[in-house]
Structures are given as structure tokens and as C-alpha cells.
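Asker: Fold the following, please.
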Amino acid sequence: MSANPVRIFVPVDAAALSVGAEAVAQTIASEAAVRGLAIEVVRNGSRGMLWLEPMVEVETNEGRIAYGPVAAKDVPSLFDAGLVTGGAHGLRLGKTEELDWMKRQQRLTFERVGVIDPLSIADYRAHGGFKGLEKALALTGGEIVEAVKASGLRGRGGAGFPTGIKWKTVHDAKAEQKYIVCNADEGDSGTFADRMLFEGDPYLTIEGMTIAAIAVGATRGYIYLRSEYPHAHRTLQRAILKAEAAGLIGASVLGSEHAFHLEVRLGAGAYICGEETSLLESLEGKRAIVRAKPPLPALQGLFGKPTVVNNVLSFAAVPWILDHGAQAYADYGMGRSRGTLPIQLGGNVKRGGLIELAFGISLREIIEDMGGGTLSGRPIRAVQVGGPLGAYLTAGQLDVQMDYEALAAMRAMLGHGGIVVFDDSVDMARQARFAFAFCAKESCGKCTPCRIGATRGVETMDRIIAGTEVPKNIAVLRDLSKLMTDASLCAMGGLTPMPVLSALNHFPEDFDRPPLPLAAE
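Answerer: Presented below is the predicted three-dimensional model:
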């Protein structure tokens, strides 16, 4: 047997596991043993090409060679074809980094995902990990804040608020205790970037949160993770324990005077916990209902103390900024949208997955060029960007650039970067009803416009779909939407009319319903 085992990578990402990656990994190990081949099976994260999962990679002298999608039954023939040397096979895709999907991206946040063993600190360091943290330790808190401000980084959770301004507010606040809270309650339909990052590169978010703690003077941090992510939860828990044991966090961060203690807390399935004040209420052990603002969480957040609340992708961008410089990050993107955006492409699309690109690429390029159009082969009719509260865009609007302001000008939003594609079989009136029904179910119930408005919205849509006094009910629908937009306490009720009105305005023919026939007596 060879003294140097060949490294074969099989993703441990939940998407890959769902289509048989565990069986593939076990079969590769057993087949190699039978053949007397020295291999090391490394469980990496997913490269984001979800239609090719499980995608197996083998490390060769030429670089990493990819095969996929691989089923357990394919493994013997792969070894027969010379898998350990990157041999030719019907499933051979070529060098991973030269695949079109990968070559077209600018991976900053996801540069290590799929490349490293997620829980190996040595692997993380070998690929540039903790360099940002080391540089941050040589700076004052104010200097770190200024670097984040200069980078142009904005919240990647949906609101798009400048991250550096939020950090400066917490930095300047006077308090004995401050907190760092990571909003990992990734509940938007069509989004999975947070999960992929936790499962493929957990130390990155830990590093970003630690830099934030040093910047603002916080000593405790919490990752609020949705309960539907058990694989990410286990990986994060193990990563935190390993980081503490290695002295990367804890009583002394990398041997410095800074302390930072980090915990993971699981949510209980409430979509409203994606709203930062509701999340804080939940963290405090209370019912998850929205707080009125002011006071802002940056001044009175967790347990009434100054708190930085950012999304996973916001924290994950920070180590790269500190390592490479604010200007290097700001050089990506356009206008007020700087850096890169992890885009999650799903729905009725041939090639769904995660793409990281600088702001400015058009929606059409993402869906048609990278996504390959609809899986059904039927024409695209609608695309929803920004989660279940995002607007529906038409096939004629796909040339819009992925940019906060460009989408806002179209009465749409970027949100967490999720894109869901629909073909021409979709009923947009029923999609509008779904938005109201979703809000009615997920509302925290604190304010009347959201709690009652969403329920009235479902009833109004049912009358429209039944063809009952359609013009009158459409007038009610518009009036109700204005009330919810203007008077709701938070974005849950305030944004629900966005998908409703976009469906009504762009696809009015779906709302022009004839009365349903009377049931036979």
C-alpha cells in the first residue's frame, strides 16, 4: 500500500447527505480496503453545485478532479476506471476549479467551502483562516470598526443596513457588558447559504464574531440557529469546543487580553425570530414577539445591553476584509452594494445551488446562464427574489442587476439572496394568497395590522379566486395592503403586501376570475 494515502472528498453537507452521500463515502472506504488502496476519505462541504450531489473529488498531481453525481453503485466502476488517479469515467467532470460554475464566481466568503475539512483547524489555517483575527488583534476597536465601514459591507440578512455603522454604535456605547448575536434563523424559502457555511466552514463565522467582539468590547456571543439544521448544529458545537481548546476563543483570544465566550442556541421554528428584536426576546427565554424601536438593539439589546446583531454572512465577510483590506473588498460590487453576495438559486431551475458573485450581475445571467433555465423546460413566468416576503418579477424584468437599490427601484428587495424560479404553469393569485397565509401563520401577533390584516387578506384572496365581486375585492386588497405596509410594527406585516401587490400588478390576468359554478343540488 502507498505510504501517502490519496485524499478523496465526499461532502457531509445536508443537501449531499439527502441524496446518498453517506452511503457513497462508506462504499468508497470499503471498496478501497478490498482493493488494498491507501486512501483518506475527507468529509468536506458542498461546492454548491447541488444538481451534481453527491459530488466526489479526488486529489491528484493535476489538482482536484470531480465526479458526479455519484451513487454508491457507481463506486466499483469508478475504482476500475482509476479513481485514485483521476481516471476517465462517464461521471468524470474534470478539474473542479475549472468547471464553468466555479470559474464564473468570485468566492470570498465561500472560498474554503468544499475545499477543506470543516472541523480541521489546521486545514482552516492552511487556507488563510484566522489571519483576519490576528490582524484585528493588532488594531484598536475603533480601527476595526473603521475598516468595516470603509469596506461598504451591509447586512446580508435582508435589511442591508451598513454593518460598520451598527458596530460603531455599539463600540461607542458605555456598558460593562456587551453582546454579539449571530442571526442564523435562516427561514426564507429558497435560502440555504448560512447552513452551507456552517456545515462547510464553521470557523469562519466564529472568527468573524470574535473580530466583532474585539471591535466593540463584547465578551459573550450567541449563535441563534434554526432547529431545522441538525447537521449544522452538531458541526458548530464541535467547532466551538475545538476553538476553545485551541485557545482561539474563550478566556484569552489567541493569548491576548480579549475574552470571548460563544454559545449556540436553537430556535423553536418561528419565522418571526428572523426579526432581530423577536430573536432577542427568544434568546432571553421569552415569547418571541417584536419589540418597538427605539431603543435600538445596538443600545439596548440582549438583556438590555448594547448588542451587535448581524446575519451569518455579514460576520463571515469580516475576516476577509481584515485580512485583505477594506478597499480590496469594496473593489467588488457596484454603487452602494459593495463586496460579494452568496446567491441561492432554487425552484424550477435545472442547475440550482449556491453562487457567490460581486453585486451587479443580472438576474437573467444567474437564472438562464448559470441555472440553465427551468427544469420543466417550460418558459419562465415569475421569479421571487428575497424570500417569501419578496416581490415577484416577470420574465421581462430579469435584466435587473442584483443590487439593493436597483431592486428597490422596482419595488422589490434583495433580502438574503434567495431566488426561486417559477414556470408558466404557476397561478399567481394563489401565490398571493400564500403570502397572506404565511404571514397569518407566522405573525408574532403583537400588532393588529399584521395579525388581523393577514387573516383578512386570506379571506379576500379566497373571494377573488372564487370569482366573487372581483373588482370590489381587488380594491379591498389594495387598501388592506397599504394599511399593512404603513402600520405594521415590523417587516413581517410591512412586507407581506410586496409579493401580493407584485403578483397583482404584474399578473392581473390571474386575478380576473370568473365566478365558480354553483354546486349541483
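
Asker: residue nearest the centroid of this structure?
Answerer: Note on the chain: the residue nearest the mean C-alpha position is Ala193, at 3.0 Å, using C-alpha atoms, centre = their mean.

Asker: how much space between that one and Gly129?
Answerer: Look at Ala193 and Gly129: by C-beta to C-beta, to the nearest Å, they are 19 Å apart. Glycine gets a C-beta too; all of them are placed from N, C-alpha and C.

Asker: I'd like to know how many residues surround Ala316.
Answerer: Counted with other C-beta atoms under 10 Å, the burial measure for Ala316 works out to 27 neighbours.

Asker: Strands along the stretch 301-450 of the chain, start to end?
Answerer: In the stretch 301-450 of the chain, strands defined by DSSP state E, counting those that start in this stretch lie at 307-311, 333-334, 337-338, 340-347, 353-358, 380-385, 392-394, 418-423, listed in chain order.

Asker: helices or strands up against the last one?
Answerer: Secondary structure elements in contact with strand 418-423, counted by 3 or more C-beta pairs under 8 Å, 6 or more residues apart in numbering; DSSP states H and E, are strand 340-347, strand 380-385.

Asker: relative to strand 353-358, how tilted is that strand?
Answerer: Here strand 418-423 points in a direction 120 degrees away from that of strand 353-358 (axes from the mean of the first three to the mean of the last three C-alpha atoms, to 10 degrees).

Asker: now strand 418-423: mean pLDDT?
Answerer: What strand 418-423 shows for mean pLDDT is 97.

Asker: next one: stretch 435-450
Answerer: Averaging the model's pLDDT scores along stretch 435-450 yields 93.

Asker: I'd guessed the residue nearest to the centre of the chain sits against Gly353; true?
Answerer: No: with contact defined as C-beta atoms under 8 Å, Ala193 does not reach Gly353; the gap is 10.5 Å.

Asker: who touches both of those two?
Answerer: Here Ala193 and Gly353 have Gln344 as joint contacts, going by C-beta atoms under 8 Å, 6 or more residues apart in numbering.

Asker: For stretch 295-313, which outside residues touch it?
Answerer: Around stretch 295-313, the neighbours that count as contacts under C-beta under 8 Å, 6+ apart are 109, 155-158, 163, 166-167, 169-170, 173, 175, 177-184, 186, 193-194, 197-198, 205, 212, 216, 218, 222, 276-277, 279-280, 283-284, 342, 416-417.

Asker: How about stretch 459-479?
Answerer: If you take C-beta under 8 Å, 6+ apart as the criterion, stretch 459-479 is touched by 429-430, 432-433, 436, 457, 480, 500-501, 504, 511-516.

Asker: Please report the separation between the first and final residues of that stretch.
Answerer: Here the two ends of stretch 459-479 are set 14 Å apart, with distance taken as C-alpha to C-alpha, to the nearest Å.

Asker: Quick check: which ranges of the chain have low pLDDT?
Answerer: 1-3, 518-521 (pLDDT under 70).

Asker: quick one: contacts for Asp423?
Answerer: 348, 374, 376, 378-381.

Asker: let's see 6 Å
Answerer: For Asp423, the residues meeting the contact criterion (C-beta atoms under 6 Å, 6 or more residues apart in numbering) are 348, 374, 376, 378, 381.

Asker: which one of these has the most neighbours?
Answerer: Across the contacts of Asp423, the neighbour count under other C-beta under 10 Å reaches its highest value at Asn348, namely 23 neighbours.

Asker: got the helices and strands packed on strand 418-423 as JSON lines, with distance to Ile272 columns?
Answerer: As requested, the helices and strands packed on strand 418-423 are exported to JSON lines (distance: least, C-beta to C-beta, whole Å):
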{"stretch": "strand 340-347", "distance to Ile272": "21"}
{"stretch": "strand 380-385", "distance to Ile272": "20"}
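
Asker: Figure out which of those is closest to Ser46.
Answerer: Counting by C-beta to C-beta, Ser46 lies closest to strand 340-347 out of the helices and strands packed on strand 418-423; the figure is 12.0 Å.

Asker: Identify all contacting residues around the closest one.
Answerer: With contact meaning C-beta under 6 Å, 6+ apart, strand 340-347 is reached by 106, 108, 190-193, 313, 332, 352, 354-356, 358-359, 371, 417-421.

Asker: coming back round to it: drop anything exposed from the contacts of stretch 459-479.
Answerer: Listed as buried from those are 429, 432-433, 436, 457, 480, 500-501, 504, 511, 513; burial here means 16 or more other C-beta atoms under 10 Å.
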